[in-house]
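Asks: pasting a predicted model and its sequence here:
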Amino acid sequence: SAKLAFIEGLVEAGLSRVEITAFVNPRWIPPLADQAEVARGVRRHEGVRYAALVPNVKGYEAAAASGLDEVAIFLAATDGHNQKNINCTTAEALQRYQEVAARANSDGRPFRGYISCALGCPYEGKVAPARVVDVARQLLALGAYEISIGDTIGLGTPRNKVELIRALKGAVPLPALALH
């Protein structure tokens, strides 16, 4: 009920897109064991899109079965973080997401792509902008309508953020770029 009240507050504040849960394995993230209950319990408002984070096809299917409007897929710009977080390399994660993207595209369900550790990684240190650009291009090629760039561990400075945005500007249309 607290999660549903929070989501309702976000909508009342004027948000038109709200990511309400993540369809991840509850054994790994127990606080999200109520994902389907939250998705079914959300009071729908006209003009508001409700989304969920999905790590794989199973998560996508659960989000679709819950009637969510869109999904988000996620990976880090580095192999080190992906290995620790989603148990695969960046290339393997992108391969996994091909099926999710194909299903979303076939179903007419938009999806957003998140790139974490875009400015630095706890395992690999500084991340080259070219690496982030490469992942962004691949997510766009899969059909992502938006790319969200995350400074996951807080290593961003005005200088390296500007450098990254300049590098992304040639690969990602600015209206399709979000910063987290």
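Replies: Everything's here; your move. Residues are numbered from 1 along each chain as shown.
Asks: count of neighbours near R131?
Replies: Per other Cβ atoms under 10 Å, the neighbour tally for R131 reads 20. All C-beta spots, glycine's among them, are computed from the backbone N, C-alpha and C.
Asks: please disregard the earlier target; I meant H180.
Replies: As a burial measure, H180 scores 11 neighbours (other Cβ under 10 Å).
Asks: could you measure from it over to F74?
Replies: 11 Å (Cβ to Cβ, to the nearest Å).
Asks: quickly list what's touching both of these two.
Replies: When Cβ atoms under 8 Å, 6 or more residues apart in numbering defines a contact, the residues bordering H180 and F74 alike are Y114.
Asks: and the strands in the protein, which stretches?
Replies: Using DSSP state E, the strands found in the chain span residues 17-22, 49-53, 70-76, 111-116, 120-121, 125-126, 146-149, 177-179.
Asks: minimum distance to F6: which of those has it?
Replies: With Cβ to Cβ as the measure, strand 17-22 is the member of the strands of the chain nearest F6 (9.3 Å).
Asks: counting by contacts, list what that closest one packs against.
Replies: helix 2-12, helix 35-41, strand 49-53 (3 or more Cβ pairs under 8 Å, 6 or more residues apart in numbering; DSSP states H and E).
Asks: recalculate using a threshold of 10 Å.
Replies: The contact analysis (3 or more Cβ pairs under 10 Å, 6 or more residues apart in numbering; DSSP states H and E) places strand 17-22 against helix 2-12, helix 35-41, strand 49-53, helix 57-65, strand 70-76, strand 111-116.
Asks: could you list the buried residues of that strand?
Replies: 18-22 (16 or more other Cβ atoms under 10 Å).
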